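*Asks:* Could you look at this predicted model? Sequence included:
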Amino acid sequence: MTIVALFIICAALCAIWSVVTIVLITVDLDKRGIKTNWLFMGPYIFRNLDLYRHKTIEASGKIGWLYYSFLTAINGAWILAALAFAL
């Protein structure tokens with residue numbers, strides 16, 4: 001296995017991690033009374049992320065861990081994909 005293949009696999013895993021995190025954020029927002037149509041979840045990713053951040057700050061005074069989980073996953077996917085294509 002080459003290093004490029006390793007970077008691509010890790011980037012794909014980060015992308016899957018970000019999708020799972022967005023689904024968990026959407027479920028959490030549904031529990032808080034903010035409904036999102038599952039068909040249009042893609043265009044509402046950043047709206048839901050911002051709403052989640054604001055709602056968790058209101059509830060506990062801190063940003064919820066899913067917010068940072070999404071940021072870590074999506075940035076990891078971009079960086080690893082860029083590294084794979086650069087090599």
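*Replies:* Received the coordinates, thanks. Numbering: from 1, shown residues only.
*Asks:* send the alpha carbons of stretch 11-18 over as CSV?
*Replies:* What follows is stretch 11-18, C-alpha atoms only, in CSV (Å, rounded to 0.1, in the frame of the first residue of the first chain):
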residue,chain,number,x,y,z
ALA,A,11,-9.6,11.1,3.9
ALA,A,12,-12.6,8.8,3.1
LEU,A,13,-12.8,7.8,6.8
CYS,A,14,-12.8,11.5,7.8
ALA,A,15,-15.6,12.2,5.3
ILE,A,16,-17.7,9.4,6.7
TRP,A,17,-17.0,10.7,10.2
SER,A,18,-18.2,14.2,9.2
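*Asks:* Which residues belonging to that stretch are considered buried?
*Replies:* For stretch 11-18, the neighbour count (16 or more other CB atoms under 10 Å) marks 11, 14-15, 17-18 as buried. Any C-beta I mention is one placed from the backbone N, CA and C, and that applies to glycine too.
*Asks:* cool, stretch 1-9 as well?
*Replies:* Those would be 7-8, for stretch 1-9 by 16+ other CB under 10 Å.
*Asks:* Pull the CA coordinates from it and hand them back as PDB.
*Replies:* Taking C-alpha atoms only, stretch 1-9 is exported to PDB below (Å, rounded to 0.1, in the frame of the first residue of the first chain):
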ATOM      1  CA  MET A   1       0.000   0.000   0.000                       C
ATOM      2  CA  THR A   2       1.400   3.300  -1.000                       C
ATOM      3  CA  ILE A   3       1.300   6.500   1.000                       C
ATOM      4  CA  VAL A   4      -1.200   8.000  -1.400                       C
ATOM      5  CA  ALA A   5      -3.600   5.200  -0.900                       C
ATOM      6  CA  LEU A   6      -3.200   5.600   2.800                       C
ATOM      7  CA  PHE A   7      -4.100   9.300   2.600                       C
ATOM      8  CA  ILE A   8      -7.100   8.600   0.400                       C
ATOM      9  CA  ILE A   9      -8.400   5.900   2.800                       C
END
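*Asks:* I am finished for the moment; much appreciated.
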